[in-house]
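Visitor: quick one, what's the 3D model for this:
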Amino acid sequence: MTREVVDSPEYGPETDALRKVLADQPGYPELDPYQALLLDREDLPDPALAGERDPRPGIADVVIELPGRSLETRIYSMSPEPRPVLLWLHGGSFIGGHLRDIEYATSGIAAGGNVTVVSLNYRLAPENPYPAGLLDVHDTLQWIRENLDGDGRVAVGGQSAGAALAAGACLLARDEGGPVPDRQILCYPTLDVHPDAEWYEWYFPADDVPAAAVPLRADSLARLPPTLMLAAGRDSLRDDALAYAGRLEQDGVPTRLVEYADTMHAFLNFPGALSAGRHAVELIAADLRAAFS
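Guide: Numbering: from 1, shown residues only. All right, here's what the predicted structure looks like:
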């Protein structure tokens, strides 16, 4: 396994400053948790924190029709010529998040990575608990292969809960014997059971949790795609990322682990405030260029 540590004197102070800004933001203490969640979903990203969309790729908002549901996507492409396609999945603890929150990353990866990026709004809990989001990712990968004019190569990646869905979809594809993505990019994923998290009971089934929901519980990780794993040094989920990267390597999957020291979970959501987020977008783009060269 290739293991790298990315550090900068800026990372710690930037993280401390952002955490203070986030802690000072007003909440909704007068509302019940579900009502507060609905309001949180309506919040628009602050460009000072989330950064701006890269203007170079063209964008197209496409509603894809899957059995029993319609899903919003935003597709970023530098030109109409066929190129690899990357399905990208936002974070949000399986209960929140939106493709508009991560446009710095999705547009920047498309521009720098020589790939077409499909950013997906998958279904969210508690309205749609497991396995709804996972099936959305699984079926969207098939939709991409059948409907987009790519060059035949497909990757999948995401952030936090989105990374968990990407990992789970790769396991599901492998176990079904179907085509497995050519690469997976997992940014600070949640990959194990975390029953103390406030979102846990809203998303996970009440009985036995299958490996596709918590990929670290899978018996084997063999025959999964080559992997780029990003971890954050000041993240409670850091151990998930490190453990999964280690298991992938043990099971014969080429794996590159990059840890951003002294930065926080979800740092890719805040490239306007965190230089680690800006660096990571460039790193992911370069990784894809190299993988698909």
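Visitor: switch to C-alpha atoms for all contacts and neighbour counts from now on
Guide: Fine.
Visitor: and the worst-scoring helix or strand of the chain on mean pLDDT, what does it pack onto?
Guide: Ranked by mean pLDDT, DSSP states H and E, the weakest helix or strand in the chain is helix 200-203, scoring a mean of 90. With contacts defined as 3 or more C-alpha pairs under 8 Å, 6 or more residues apart in numbering; DSSP states H and E, helix 200-203 has no helix or strand neighbours.
Visitor: got the buried residues for it?
Guide: 200, 202-203 (16 or more other C-alpha atoms under 10 Å).
Visitor: which one of those is nearest to G152?
Guide: Among these, Y203 lies closest to G152 (C-alpha to C-alpha), at 32.9 Å.
Visitor: need the contact list for that closest one.
Guide: 94-95, 125-126, 128-130 (C-alpha atoms under 8 Å, 6 or more residues apart in numbering).
Visitor: wait, R53 touches Y104, no?
Guide: Yes. The criterion here is C-alpha atoms under 8 Å, and R53 meets it with Y104 at 4.6 Å.
Visitor: between those two, point out the one with more neighbours.
Guide: Each of R53 and Y104 has its neighbours counted (other C-alpha atoms under 10 Å); Y104 has more, 24 against 16.
Visitor: roughly how far does that one sit from A213?
Guide: 28 Å (C-alpha to C-alpha, to the nearest Å).
Visitor: just A163 next, same as before
Guide: Distance from A163 to A213, counting by C-alpha to C-alpha: 11 Å.
Visitor: just to be sure, W143 is in a helix?
Guide: Yes. Judged by DSSP: H, G, I helix; E, B strand; the rest coil, W143 forms part of a helix.
Visitor: W202 touches P131, doesn't it?
Guide: No. At 11.8 Å, W202 does not count as touching P131 under the criterion of C-alpha under 8 Å.
Visitor: can you map out the helices along the stretch 151-293 of the chain?
Guide: Assignment of helices within the stretch 151-293 of the chain using DSSP state H, counting those that start in this stretch yields the ranges 161-176, 200-203, 238-250, 275-291.
Visitor: now the third one: buried residues?
Guide: Of all the residues in helix 238-250, those buried under the rule 16+ other C-alpha under 10 Å are 238-242, 244-245, 247-249.
Visitor: which of the residues you listed lies closest to L191?
Guide: Of all those, L191 sits closest to D240, with 5.8 Å by C-alpha to C-alpha.
Visitor: distance of that closest one from P189?
Guide: The gap separating D240 from P189 is 7 Å, by C-alpha to C-alpha.
Visitor: which residues in the stretch 1-150 of the chain form helices?
Guide: Under DSSP H, counting those that start in this stretch, the stretch 1-150 of the chain gives helices at 11-23, 33-42, 47-50, 103-113, 132-147.
Visitor: put together JSON lines for the ones you listed, with mean pLDDT on each row.
Guide: Formatted as JSON lines, the helices of the stretch 1-150 of the chain follow (pLDDT from 0 to 100):
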{"stretch": "helix 11-23", "mean pLDDT": "97"}
{"stretch": "helix 33-42", "mean pLDDT": "94"}
{"stretch": "helix 47-50", "mean pLDDT": "98"}
{"stretch": "helix 103-113", "mean pLDDT": "98"}
{"stretch": "helix 132-147", "mean pLDDT": "98"}
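Visitor: thinking again about what came up before, tabulate the buried residues of helix 200-203 (CSV), appending distance to R74.
Guide: Converted to CSV, the buried residues of helix 200-203 look like this (distance: C-alpha to C-alpha, whole Å):
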residue, distance to R74
Y200, 28
W202, 27
Y203, 25
